[in-house]
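> how does the following fold in three dimensions:
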Amino acid sequence: MTTAAHRPAPDPVGQANPYASVRLPVYGRNVVSTSHPLAAQAGLHVLRSGGNAVDAAVATAAVMTVVEPVSNGLGSDAFAIVWDGNALHGLNASGRSPQAWTADYFTRRYGEGALTPPKRGIDSVTVPGMVSGWMALNRRFGKLPFADLMQPAIEVAERGYAVPAVVQSKWALAVPDLHTQPGFAEAFMPKGRAPLVGELFCFPAAARALRSLAASGGESFYRGDIAQALARFSASHGGALTEADLAAHTADWVDPVAQAYGGHTLHEIPPSGQGMAALMALGILAHTDAAGYTVDSVASQHLQIEAMKLAFADVYRYVADPSAMHVTTAQMLDPAYLAARARLIDPRRAQAHPAGTPADPHRRGGTIYLTAADEQGMMVSFIQSNYMGFGSGCVEPAFGISLQNRGHAFGLPASPLNPANGVAPGKRPFHTIIPAFLTRPGAKGGMEPVMSFGVMGANMQPQGHLQTLVRLLDHGQSLQAACDAPRWRFNTGLSVNVEAGMDARTVAGLQALGHEVAVLHDVYQEFGAGQFIWRLGDPGVQGYVAASDPRRDGLAAAW
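Predicted structure coming up:
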């Protein structure tokens, strides 16, 4: 097993960067980092106006629904991890299924052989939870009035913005698939097509929604004019979402789950999210000699890929709404179980790993990410998403609410995969979006904050968490280098995609081990996009260093 003695000390401020990059790290006592400059600047404006990191995160998130609609909207779900200066707090603001959603509901509509609810359309929409997350964050930790946090997004929606390159490419790719969904063309094809790069896009309907949220403190989304409009829209297109479903929704404060690695601890939101995959993969990797290999070597990449496969096999089999899970997070993270899973890795060949049995009978027992930090020491890791780009494709026209399609992640009776994730009324589906937070042991048995971070992009998210942490903690790479480095992405079986920037010798070496490797040029989110803020010391003195992923249009902004 690798010991801490084999690892160099983390060097987030190091200047060495062996990878091609268009970004430099950013330093400051107050930082906001996300994938669109206008949103990062909105968060910075809030910080300069007396707000804290939570206020900045909410304001940034609101602008992101306008400027990156290809990934999120007012009908999204959200999760957060907050370091309040003394402790970590997790927030699950994902929505639940409508009360009418039973297995019979989908059987009548889609037949006995359907494996999941549809990918697009009104029957893929669960209750959007994101706005409730903004409200919960503001009420518990915010300093500024909720209305103030909506103002930057209102201004951007009304005045419009020039569409950037990466967002435009994703927008254009979505149009052929979604242009017939109700409300989509009206909202997102103002000239009968996707906007062009540099073309002005205004979103007056979203501004109307944001003004309603500002006036009501967010309540109108669940118990007011927006809720009424959403229920009417759903009913008019044959959907099941009702005002009662919206009114019953709550965001939940939760305790993050954790896994130690390399003298640090990774924290993730507990199920029904896939953060468990990152924790399990790290826990498995801790029982190998991965840290002893060169950072970009075939051996290092192979061990990471195999650990990720093993973690995904269990996560896809067992993770669901906690009320329905048959195993616990403690069983899935049990050190003896993870050690047994690590022993299945063959350093000489790739394998297709099935799920294990965490509850061993012999034992007892399309997304946006942002992060913000302030000089008082508060740090926020926040993620919100519609899923699969524009989500369901359905857009309520009066308020411009683009609705997520998280219901597609449920299983139906014909599915052979995860029985615990079967559709049921008022239930949360398996979820892909995961914020992350890194700590290290502190004085008197406590913890010290180290980094708030996330890597967006469907199943790439835990894979991005794993790869970044290995680079930072095992190999002492700088924050921007760990962000810029070429990534791999495991799909299924032996299938792995790698970025075109990966060394051809590494690619050939992985293929020789049996990995079925395809080299891809990244188109928006194949390999994720990360934002990272690392605490350097006393936030009021040294502050933070931040990195923003060059794979998006983003910005780390500081003062």
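
> in the stretch 201-350 of the chain, which spans are strands?
252-254, 257-261, 264-268 (DSSP state E, counting those that start in this stretch).

> ok, and which of those strands has the densest surroundings?
Greatest average neighbour count among those goes to strand 264-268 (a mean of 24), per mean count of other CB atoms under 10 Å. C-beta: built from backbone N, CA, C; applies to glycine.

> so which elements touch that one?
In this structure, strand 264-268 packs against strand 257-261, helix 275-285, strand 436-441, helix 460-469, with contacts taken as 3 or more CB pairs under 8 Å, 6 or more residues apart in numbering; DSSP states H and E.

> mean pLDDT and distance to S97 added to these, as JSON lines?
Converted to JSON lines, those look like this (pLDDT from 0 to 100; distance: least, CB to CB, whole Å):
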{"stretch": "strand 257-261", "mean pLDDT": "98", "distance to S97": "24"}
{"stretch": "helix 275-285", "mean pLDDT": "98", "distance to S97": "21"}
{"stretch": "strand 436-441", "mean pLDDT": "97", "distance to S97": "26"}
{"stretch": "helix 460-469", "mean pLDDT": "96", "distance to S97": "22"}
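
> for T439, which of the strands of the stretch 201-350 of the chain is the nearest?
Closest approach to T439 among the strands of the stretch 201-350 of the chain (CB to CB): strand 264-268, 5.0 Å.

> now do the closest one against helix 275-285, angle only.
On the basis of axes from the mean of the first three to the mean of the last three CA atoms, to 10 degrees, strand 264-268 is oriented at 150 degrees to helix 275-285.

> ok, back up a step: of the strands of the stretch 201-350 of the chain, which is nearest F532?
Proximity to F532 (CB to CB) singles out strand 264-268 among those, at 13.3 Å.

> quick one: mean pLDDT over the closest one.
Mean pLDDT, strand 264-268: 98.

> give me the element T506 is part of.
Remark: T506 resides in helix 504-512, with elements defined by DSSP states H and E.

> just to revisit the earlier point, buried deepest among the helices and strands packed on strand 264-268, which one?
helix 275-285 (a mean of 29).

> got the angle between it and helix 460-469?
Using the same axes, to 10 degrees, the direction of helix 275-285 lies 40 degrees away from that of helix 460-469.

> so how far is A136 from the closest residue in space to P10 that isn't next to it in sequence?
Closest residue to P10 apart from its sequence neighbours, by CB to CB, 6 or more residues apart in numbering: L472 at 5.4 Å. In this view, L472 and A136 are 30 Å apart by CB to CB, to the nearest Å.

> roughly how far is the longest helix seen in the chain from the heart of the chain?
In the chain, with assignment by DSSP state H, the single longest helix is helix 298-318. Centroid separation between helix 298-318 and its chain, computed with CA atoms, centre = their mean, to the nearest Å, is 19 Å.

> what helices or strands is it leaning on?
helix 275-285, helix 335-342, helix 460-469, strand 488-490, helix 504-512.

> immediately after the third one, which helix or strand?
In other words, helix 460-469. helix 479-484.

> counting by contacts, list what that following helix packs against.
By 3+ CB pairs under 8 Å, 6+ apart, helix 479-484 packs against strand 529-535, strand 544-548.

> can you name the element that comes right after the shortest one?
Tracing the chain past strand 544-548, the next element assigned as helix or strand by DSSP H and E is strand 555-558.

> what's in contact with that following strand?
Under the criterion CB atoms under 8 Å, 6 or more residues apart in numbering, residues 25-34, 36-37, 40-41, 43-44, 531, 533, 543-544, 546-548 lie in contact with strand 555-558.

> quick check: end-to-end length of stretch 183-198?
Terminal residues of stretch 183-198 are spaced 24 Å apart (CA to CA, to the nearest Å).

> which parts of that stretch are buried?
Going by neighbour count (16 or more other CB atoms under 10 Å), the buried part of stretch 183-198 is G183, F184, A185, A187, F188, A194, P195.

> ditto for stretch 46-66
46-47, 51-66.

> check which helices and strands the longest strand along the chain is in contact with.
When the chain is parsed with DSSP state E, its longest strand is strand 447-456. With contacts defined as 3+ CB pairs under 8 Å, 6+ apart, the packing partners of strand 447-456 are strand 77-83, strand 367-373, strand 379-385, strand 436-441, helix 460-469, strand 529-535.

> which ones are touching the nearest residue to A313 once chain neighbours are set aside?
Leaving out its chain neighbours, the residue that sits closest to A313 by CB to CB, 6+ apart is A355, at 4.4 Å. Applying CB under 8 Å, 6+ apart, we find A355 in contact with A313, D314, Y316, R317, Y318.

> on that earlier part again, as a markdown table, the helices and strands packed on strand 264-268 with distance to V166 would be great.
Formatted as a markdown table, the helices and strands packed on strand 264-268 follow (distance: least, CB to CB, whole Å):
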| stretch | distance to V166 |
| --- | --- |
| strand 257-261 | 31 |
| helix 275-285 | 25 |
| strand 436-441 | 22 |
| helix 460-469 | 16 |
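
> closest to D123 out of these?
helix 460-469 (25.4 Å).

> what sits up against that closest one?
Contacts of helix 460-469 (CB under 8 Å, 6+ apart): 261-262, 264, 266, 268, 274-275, 277-278, 281-282, 285, 304, 307-308, 311-312, 367, 432-434, 436, 438, 453-455, 457, 482-483, 485, 487-490, 525-528, 530, 532.

> do that again at 6 Å, thanks
With CB atoms under 6 Å, 6 or more residues apart in numbering as the test, helix 460-469 has contacts from 274, 277-278, 281, 308, 434, 436, 455, 482, 487, 489, 528, 530.

> what of stretch 519-538?
With CB under 6 Å, 6+ apart as the test, stretch 519-538 has contacts from 12, 31, 33-35, 170, 369, 371, 373, 449, 451-453, 455-457, 460, 464, 479, 483, 487, 489, 497-500, 542, 544-549, 551-552.

> and what of stretch 470-485?
Outside stretch 470-485, the residues touching it (CB under 6 Å, 6+ apart) are 7-8, 10-12, 14, 17, 19, 21, 25, 262, 264, 291, 295, 468, 530, 532, 534, 545, 547, 549.

> what are the buried residues along it?
Using 16+ other CB under 10 Å as the test for burial, stretch 470-485 gives 470-485.

> of the buried residues of stretch 183-198, which is the nearest to Y222?
G183 (20.1 Å).

> surely that closest one meets G393?
No. With contact defined as CB atoms under 6 Å, G183 does not reach G393; the gap is 8.5 Å.

> mind listing what the residue lying closest to G501 once chain neighbours are set aside touches?
Distances taken as CB to CB, 6+ apart put P486 closest to G501, at 4.1 Å, once the chain neighbours are dropped. Applying CB under 6 Å, 6+ apart, we find P486 in contact with E499, G501, M502.

> what secondary structure does P486 sit in?
coil (DSSP: H, G, I helix; E, B strand; the rest coil).

> ok, it to N405 distance?
Using CB to CB, we find P486 at a distance of 30 Å from N405.

> same question for L479.
Distance, L479 to N405, by CB to CB: 33 Å.

> one more: T250?
The value you get for T250 to N405, if CB to CB is used, is 21 Å.

> before we move on, what about A372?
In this view, A372 and N405 are 28 Å apart by CB to CB.

> who's more crowded, those two?
Just comparing A372 and N405: by other CB atoms under 10 Å the higher neighbour count belongs to A372, 37 against 27.

> shouldn't the more buried one be in contact with A59?
No. Between A372 and A59 there is no contact under CB under 6 Å: 9.2 Å.

> any common contacting residues for these two?
Common contacts of A372 and A59 (CB under 6 Å, 6+ apart): G43.

> got the domain boundaries for this protein?
4-27+254-367+432-558, 82-253+390-421 (automatic domain parsing).

> now these in TSV, with distance to S76?
Output for the domains of the chain, formatted as TSV (distance: least, CB to CB, whole Å):
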stretch	distance to S76
domain 4-27+254-367+432-558	9
domain 82-253+390-421	4
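
> looking at the ones you listed, which is closest to S71?
domain 4-27+254-367+432-558 (4.6 Å).

> look up phi and psi at V32.
phi -130, psi 130 (degrees, to the nearest 10).
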